[in-house]
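1. Give me coordinates for this.
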Amino acid sequence: MFGGRKNGHTYTPLGTNDFDSDSSGDEGDDFIQQQIRSQRQQLKEQDHGLEMLSQSADRLAQVSLGISEELGHQNKMIDEMEN
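-> Residues are numbered from 1 along each chain as shown. Below you'll find the model as predicted:
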């Protein structure tokens, strides 16, 4: 994704002095690793939220089917009462 070529350009990491002339390479690496960990944690949280949403949608679908079935039975009873 990041290491590939796009439009003829390759990914090149920023130099250690691109943001702060006093920063060292280790600090830049620590920052990058911290950002990667943060992004991974955010992805885990999003996955958990999506899993909960999926489970809620499944429950809602089951309730909707139950309601539809119940309405079908009640309509059938009304039709029988009219005849």
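
2. Number of residues surrounding Arg76?
-> Heads up, residue 76 is Lys, not Arg. Neighbourhood size, Lys76 [other C-beta atoms under 10 Å]: 10. In short, each C-beta sits where N, CA and C put it, glycine included.

3. phi, psi of it?
-> Recorded main-chain torsions at Lys76 are phi -60, psi -40, according to degrees, to the nearest 10.

4. residues in contact with stretch 58-71?
-> Residues outside stretch 58-71 that contact it (C-beta atoms under 8 Å, 6 or more residues apart in numbering): none are found.

5. Tabulate the CA atom coordinates of it in PDB.
-> Extracted in PDB, the C-alpha atoms of stretch 58-71 (Å, rounded to 0.1, in the frame of the first residue of the first chain):
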ATOM      1  CA  ASP A  58     -29.200  -9.400  13.100                       C
ATOM      2  CA  ARG A  59     -31.400  -9.100  16.100                       C
ATOM      3  CA  LEU A  60     -33.500  -6.400  14.400                       C
ATOM      4  CA  ALA A  61     -33.900  -8.700  11.400                       C
ATOM      5  CA  GLN A  62     -35.100 -11.500  13.600                       C
ATOM      6  CA  VAL A  63     -37.600  -9.300  15.500                       C
ATOM      7  CA  SER A  64     -38.900  -7.900  12.100                       C
ATOM      8  CA  LEU A  65     -39.400 -11.400  10.800                       C
ATOM      9  CA  GLY A  66     -41.300 -12.300  14.100                       C
ATOM     10  CA  ILE A  67     -43.500  -9.300  13.700                       C
ATOM     11  CA  SER A  68     -44.200 -10.100  10.100                       C
ATOM     12  CA  GLU A  69     -45.100 -13.700  11.000                       C
ATOM     13  CA  GLU A  70     -47.400 -12.500  13.800                       C
ATOM     14  CA  LEU A  71     -49.100 -10.000  11.500                       C
END
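
6. how many neighbours does Glu27 have?
-> Using other C-beta under 10 Å, Glu27 has 13 other residues around it.

7. Just the pLDDT at Glu80, thanks.
-> Note on Glu80: pLDDT of 92.

8. now do His48
-> At His48, the model reports a pLDDT of 95.

9. same thing with Ser21?
-> 47.

10. Could you do Gly4 as well?
-> Predicted confidence (pLDDT) at Gly4: the value is 47.
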